[in-house]
Each structure stands twice: as C-alpha cells, then as structure tokens.
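model this:
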Amino acid sequence: MEFKHKPVLLEETIEGLKIKEDGIYVDGTLGGAGHSKEILKRLSSKGLLIGIDRDEEALKAAKENLKEYTNVKYIHGNHDEIEEILQQQNIEKVDGILLDLGVSSYQLDERNRGFSYLGNNELDMRMDKSQQLTAKKVINSYSEEELANIIYEYGEERYSRQIARNICNARKEKEIQTTEELVKIIEKSIPAQAKKDGHPAKRTFQAIRIEVNNEIKPLYNTVRKCIELLKNGGRLCIITFHSLEDRAVKNAYVDAQGKCTCPKDLPYCVCGAKSEGKIINKKPIIATEEEQSENSRSKSAKLRIFEKKWYKKQKKEVSNMPRYQYETSPRKLEPEYVPVRKKTQKQNTKSTQKQTVKTKYQIQKEKKKVERKNHAKQIALVLVIFGMLLAVSYREIHIMEMFNNKKEMENQLALIQKENGQVEKDIKAEESKLDWNVIRQKASEELGMQEANKITVDLNKTDNVEKDERLIKEDNTSFIEKIIEKLIF
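Predicted coordinates for the structure are as follows:
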C-alpha cells in the first residue's frame, strides 16, 4: 500500500518555525515527509534537515518523497531519544524542531498493523516493529485493574471497568488475537445509549495504542530536552491530537518559560526562576474550517509554539549612570535598567546614607521572621477567642446550676413547711384526745399520792375559776413537761 499522509496545519507550522536558509532543523516524526518537504523547500544547500521516525516503512516512504533533496539525514529512532541522536550526529544545537504526535493516516489505513478497529486483523499496534510489546500482550497479560486504568486515562472511556472485566472473562476461555474479537467485547460492554458518539471501540483502541508505543509518559521530558537543544531564537512546534498530549506539552512550555514568584515589593528577583524562552501562542492554533472539511483528522489537531531565548548579563558600571542602578526586573527575568525614584523631604535623614543591597539569604531570613510573627499573632487571636467562648459557656453553666439549686431549695422549703404544719395538727389532735383521769392515775403512780393530790386540787380550783388563757397555758405546759420528763426518764 502506498504511504499517504496529508500533513495537518501545514502553513501554520511552517510559519511558526521561522525557517532560516542555512539552519539545521529536526522533524522528530518524519512520517510521509509532508512537513519536511516544505521545510526543505525553504532551506539552502548549506541547510540541513534531520528526519527521525520509529516506523521503517515511514522512512522508506519519506526517502522516496524527498529523493530530490540531498541535505537530509534519515534516522530510525524515537523522538524521545532526540538528544542522543543529535550527539551521534555531532550536533549541539539546532534552529528548529517539529513534532507531529499521534498515529499517521497511513498507519490507520493499513489495517494489517492492527491500529484500526475496522476489519479483522491481528492485534499489533506497534509503530516500531522491532519492539517486543504488542497490543495482544497488553490485552492478554495485563491485570483487570491495569487495563481499566489505561482505558480510562488514555482513552477517557466512561465504561473502562466493564470493558476490562469483560476482556478478562473472555481471555479465560480463549486468547484474544484479533481486532474483531476485541471490538465485539467492547460493544457488549457499552450500553446502546452511549454508542451514538462515534464507534464504541474508538477510545479503547486509542488507549491501547498509546500504552503499546509509550506516547504519553516521556512526552514532558522530551519537550524540555527539545527546548534545551534549540539555539537562541530557535523554535519548537508541536502538533497534538489528544488532550493528555496537549496538557503535557502545555505544562512543559509553562515550566520552561519560568515564572518569578518573588513579592512585588522586592527590587529584584531572588527566587532563582530561570526563563528558557517564551510561549508564542497562549492558546493553541487549530485548523481552519476549510481544512477540517477536507481532512476530518485535523479537527482535534492543536499547534503550540515555543521560542528559545536566553539572556547574557551585561556588565556595566553603575557610576556611569547617575539616577539609574543595574538590577533584574521583578516581573521579567531579563536584566534591564530600572530608574531609581527621587527621594522626598519626608524621608528620614538615615535614608541619605548609602543603601546596601540585601543578599538573598537576608531577604529570606526577613521573610521567615515576618511569617513567624504573623503565625504567632494568628495563634494568639485563636486562643483569645477560644478563651472567651469558654468563659461565656462556663458562666451560662454556672447560672443554670444556680437556678436549679434555687428551685430545689424552694421545693425543700415547701416540704418542710408542709411537714411542720402536719406536725402542729398532729400535736393539737393529740392534745384534744388527752384524758385527765388517765394522767392523774399515771401521775399518782409515778410521783406519789401527795403530789397527785396537789395537782388534783389545783385542777379543781382552775375548774371553778374563770379560764385565763395565759395561766392555763403556762400551767398545762409545765404540767405536761413534768409528766413527759418522768415518762421518758
């Protein structure tokens, strides 16, 4: 089958590289050489293009497509090993690098390679046929948990658990060997409602392909290596087709651009942040509507461009520049001259003395002191608030206890008054029941007849005289007390 691959975002990529006639450029994913051909058209005989691809069939097709050009080197390898490849070619730095990630149209259309979910072919999916790991090994040897994680992370498939479970159940009976067998298992695992969004096996096949060819894990480090290998002013263009690829590229670009984390109050940067260059386009470049209609595979393509730029410190004396001092800007990471503000009359006389620039260690020490003070203030405030809450709660509890005690005391007092009233009633009742004849007999027995006669005489006298309440009470009480004392003792 003829190797056909229509390059995506061709014009945007060539424009983003800013090709120099005598420059050295690397196409890390040569493929059908669609992008490379346009690069070579803009190079002179002194320029050089290095084409790298892990697919030997792609290299053969590229050689056929670029046979009219002599300033090309073809290398069978992986773009993740770009640093080692350039070292072998005795090249330290290059003017531009292009990476067109993902699988090529030819590989998808060549169904014998097992990339496509259409047809009945052997499960292979290797871009480099010399490697040992194949899709068949992944499907038949990975555990259920590993398969589910791969399908979910790399394919973003909602039903990854069901698919992994059904794959493991099916391979117990028989080894899964063909793409058709795998497609049937996937179709059984996904409900009918979810099959409306394209082919049900699309995401799973993509995830397995990424795992077989290890397309995601080393990508971040590869991008950082590519930036290091660029000359000053060189550019890196990367085309991605998957959200995980685009995220890795974006993170690598942001880290390479660097970001100063120093406070705005500091006169110069002390955090040690270094910038390797700048991101050309904050938002990724996507294909035009016309290109998307002509090539459906360009719909998910995103282009990100990074320009390498490093800065040398300019040695200039401060004395030659009155009103200016040499320092690094706090917002930008490149050296520049920042004007010194004029001193006002309100400033202290001490400010007229020469100001010594603080070292990085001193500034960090001051920062830590301020942080410790703020932390101590926060802890003290929390403790004060906590103490106030405890005091309020204790006061409320104390008031409630006093209120309860008061109620208990009132209840006890009411009971005592009731008991006292009952006792008085009982005493009156007992007094009313007293029989004087019985008392006389007991008195005669205990006190003797003489004292009894005296008592009887006195009682007879009192019966004949008009009753005086006070005297009767005194006599009766004294009489009763004597009798009771005798009875007790």
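
what sits up against stretch 140-149?
Here stretch 140-149 makes contact (Cβ atoms under 8 Å, 6 or more residues apart in numbering) with 138-139, 150, 160-161, 163-165, 167-168, 171, 175-176. (Glycine included, C-beta is placed from N, CA and C.)

Any buried residues in that stretch, and which?
140, 142, 147-149 (16 or more other Cβ atoms under 10 Å).

next one: stretch 175-186
Applying 16+ other Cβ under 10 Å to stretch 175-186 flags 176, 179, 181-183, 185-186 as buried.

Give me the longest helix you can find in this protein.
Determined from DSSP state H, the single longest helix within the chain is helix 360-432.

same question for it, mean pLDDT?
Looking at helix 360-432 alone, the average pLDDT works out to 78.

Centre of the chain to that helix, how far?
Its chain's C-alpha centre lies 44 Å from the corresponding centre of helix 360-432 when counted by Cα atoms, centre = their mean, to the nearest Å.

Please apply the same query to stretch 282-299.
With Cα atoms, centre = their mean, you get 33 Å for stretch 282-299.

Mean confidence (pLDDT) on it, please.
Here stretch 282-299 scores 90 as its mean pLDDT.

Now do the end-to-end distance for it.
19 Å (Cα to Cα, to the nearest Å).

Let me see the ranges of the strands in the chain.
In the chain, the strands defined using DSSP state E lie at 24-27, 48-53, 72-76, 94-100, 230-240, 277-279, 302-308, 324-328, 335-339.

among these, which is nearest Val212?
Nearest to Val212, of all these, is strand 48-53, at 16.5 Å by Cβ to Cβ.

pLDDT on that closest one, on average?
Across strand 48-53, the average pLDDT comes to 95.

With mean neighbour count and distance to Leu390 added, can I get the strands of the chain in TSV?
Formatted as TSV, those follow (neighbours: other Cβ atoms under 10 Å; distance: least, Cβ to Cβ, whole Å):
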stretch	mean neighbour count	distance to Leu390
strand 24-27	26	70
strand 48-53	24	71
strand 72-76	18	75
strand 94-100	25	64
strand 230-240	22	59
strand 277-279	17	55
strand 302-308	23	58
strand 324-328	16	52
strand 335-339	13	53
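
Can you flag the weakest of those by average pLDDT?
Minimum mean pLDDT among the strands of the chain: strand 324-328, a mean of 37.

Arg209: what's it in contact with?
So Arg209 contacts 103, 115, 125, 135, 215 (Cβ under 8 Å, 6+ apart).

Just name the closest of the residues you listed to Val392, please.
Comparing the contacts of Arg209 against Val392 with Cβ to Cβ places Glu215 closest, at 63.3 Å.

tally of neighbours for Arg297?
Per other Cβ atoms under 10 Å, the neighbour tally for Arg297 reads 17.

let me redo that: Val103
Neighbours of Val103 under the rule other Cβ under 10 Å: 21.

So for it, what pLDDT did the model give?
78.

For the nearest residue to it once chain neighbours are set aside, give me the pLDDT.
Leaving out its chain neighbours, the residue that sits closest to Val103 by Cβ to Cβ, 6 or more residues apart in numbering is Phe115, at 5.8 Å. Per-residue pLDDT puts Phe115 at 84.

quick one: contacts for Phe115?
Applying Cβ under 8 Å, 6+ apart, the residues contacting Phe115 are 103, 107-108, 124-125, 205, 209.

Please identify which of these is nearest to Glu156.
Nearest to Glu156 among the contacts of Phe115 is Phe205, at 12.9 Å by Cβ to Cβ.

Tell me if I'm right that that closest one and Leu118 touch.
No: when contacts are counted by Cβ atoms under 8 Å, Phe205 is not listed as touching Leu118 (10.0 Å).

joint contacts of those two?
Joint contacts of Phe205 and Leu118 (Cβ under 8 Å, 6+ apart) are Thr179.

which residues sit in contact with the closest residue to Ile176 other than its chain neighbours?
Among residues not flanking Ile176 along the chain, Ile139 sits closest, at 5.1 Å (Cβ to Cβ, 6+ apart). The contact partners of Ile139, by Cβ under 8 Å, 6+ apart, come to 123, 147, 167, 171, 176, 182, 208.

so how far is Arg113 from Ile139?
Per Cβ to Cβ, to the nearest Å, Ile139 is found 16 Å from Arg113.

for Asn169, same thing?
Distance from Asn169 to Arg113, by Cβ to Cβ: 27 Å.

So for Leu133, what's the nearest residue that isn't a sequence neighbour?
Leu133's closest residue in space is Val212 (Cβ to Cβ, 6+ apart), at 5.7 Å.

Was I right to think that neighbour contacts Val138?
Yes: here Val212 lies in contact with Val138, judged by Cβ under 8 Å, at a distance of 6.1 Å.

So these two - more neighbours on which side?
Relative neighbour count places Val212 above the other of Val212 and Val138, with 23 against 19, counting by other Cβ under 10 Å.

And the pLDDT for that one?
Reported pLDDT for Val212: 92.

list the contacts for it?
Applying Cβ under 8 Å, 6+ apart to Val212 gives the contacts 125-126, 133-135, 138.

With Asn251 instead?
Tyr220.

and what of Glu215?
Contacts of Glu215 (Cβ under 8 Å, 6+ apart): 101-102, 209, 245.

10 Å instead?
By Cβ atoms under 10 Å, 6 or more residues apart in numbering, the contact set of Glu215 is 80, 101-103, 127, 154, 206, 209, 242, 244-245, 248.

how about the nearest residue to Ser300, chain neighbours excluded?
Phe241 (5.0 Å).

burial of that neighbour, as a residue count?
18.

same thing with the one 3 residues further on?
By other Cβ under 10 Å, 16 other residues sit near Leu244.

isn't it right up against Glu153?
Yes: using Cβ atoms under 10 Å, Leu244 is in contact with Glu153, at 7.4 Å.

what do those two both touch?
Taking Cβ under 10 Å, 6+ apart as the criterion, Leu244 and Glu153 both touch 210, 216.

hmm, back to that, can you put the contacts of Val212 in CSV and add pLDDT and distance to Phe403?
Formatted as CSV, the contacts of Val212 follow (pLDDT from 0 to 100; distance: Cβ to Cβ, whole Å):
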residue, pLDDT, distance to Phe403
Met125, 90, 81
Arg126, 89, 85
Leu133, 92, 80
Thr134, 92, 83
Ala135, 92, 80
Val138, 94, 76
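
Quick one, which of those residues are buried?
Burial by neighbour count, 16+ other Cβ under 10 Å: within the contacts of Val212 this picks out 125-126, 134-135, 138.

And the furthest pair within these?
The widest separation within the buried ones among the contacts of Val212 (Cβ to Cβ) is 10.9 Å, between Arg126 and Val138.

And the closest residue to Gln364 other than its chain neighbours, how far from Thr261?
Excluding the flanking residues, the one nearest Gln364 by Cβ to Cβ, 6+ apart is Val270, at 7.6 Å. Distance of Val270 to Thr261, given as Cβ to Cβ: 10 Å.

So the two - more neighbours on which side?
The neighbour comparison of Val270 against Thr261 (other Cβ under 10 Å) goes to Val270, with 21 against 10.
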